[in-house]
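S.K.: pasting the structure only:
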């Protein structure tokens, strides 16, 4: 069973559209991170959210951490072809106070067509 | 450029063979992590080293082993290779643990034929 479920798995949209990617779990996480990975490259960290309910903005990207720290979302406004890539959420599970290691969702493959 | 260097970038080898993947962390980073990425499983945590000592183990097979040397570079050894071991292997480094930002290398693409 995947601890972090990402949806959708694939998303193909036109330039200028808005989109939201979800990352859900039944477990509580000490923090959640979002990465973007391009083909042939390693994941690049976009943001880390730590506090339940936290919202962080990075230009056209808005990240939100759920109040219960079990889920997160990434919203992209006015998507551009340069946003194309694999978006991964990752979290450090909180096992009753002790931390686990960083685990990843399977990712959302985004394609933005001009 | 993340500052994390992995070699080689590509590796093709036969079943039953043994290979060594190398990772040089960013200057000043004490933690090194190894991940395996396959199409169906996504990124799977294998093992973490901190300042030369093993700190955490994930889904690492007994045929795989790793170490971190005094100069903090790390090697991942994969032996008795099987077709299913074909994957991208990533190394990441951070100053300390996962509460500090981690940087990933470009990966080694291993193909077992």
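M.R.: Received the coordinates, thanks. Given the structure is predicted, the values throughout are model-derived calculations rather than measurements.

S.K.: for the chain, which spans come out with low pLDDT?
M.R.: Let's take chain A. Along chain A, segments meeting pLDDT under 70 span A:1-2, A:95-100.

S.K.: could you do chain B instead?
M.R.: For chain B, the stretches flagged by pLDDT under 70 are B:98-100.

S.K.: Quick check: residues of it near chain A?
M.R.: Applying C-beta under 8 Å from any C-beta of the partner chain, we find that chain B lies next to chain A at B:2, B:4, B:33, B:35, B:41-45, B:48, B:56, B:58, B:90, B:92, B:97-99, B:101-107. To be clear about C-beta, it is placed using only N, CA and C from the backbone, and glycine gets the same treatment.

S.K.: Just the buried ones among these, please.
M.R.: Applying 16 or more other C-beta atoms under 10 Å in any protein chain shown to these, the neighbour count classes B:2, B:4, B:33, B:35, B:42-45, B:48, B:56, B:58, B:90, B:92, B:97-98, B:102-107 as buried.

S.K.: Pick out the residue nearest the middle of chain B.
M.R.: residue B:34 (3.3 Å; C-alpha atoms, centre = their mean).

S.K.: Would you agree it falls within a strand?
M.R.: Yes. Residue state for residue B:34 (DSSP: H, G, I helix; E, B strand; the rest coil) corresponds to a strand.

S.K.: I figured it hits residue B:93, correct?
M.R.: No. If you go by C-beta atoms under 8 Å, residue B:34 and residue B:93 don't touch, sitting 10.6 Å apart.

S.K.: Get me the contact residues on chain A for chain B.
M.R.: With C-beta under 8 Å from any C-beta as the criterion, chain A meets chain B at residues A:2, A:30-31, A:40-45, A:48, A:88, A:90, A:92, A:99, A:101-107.
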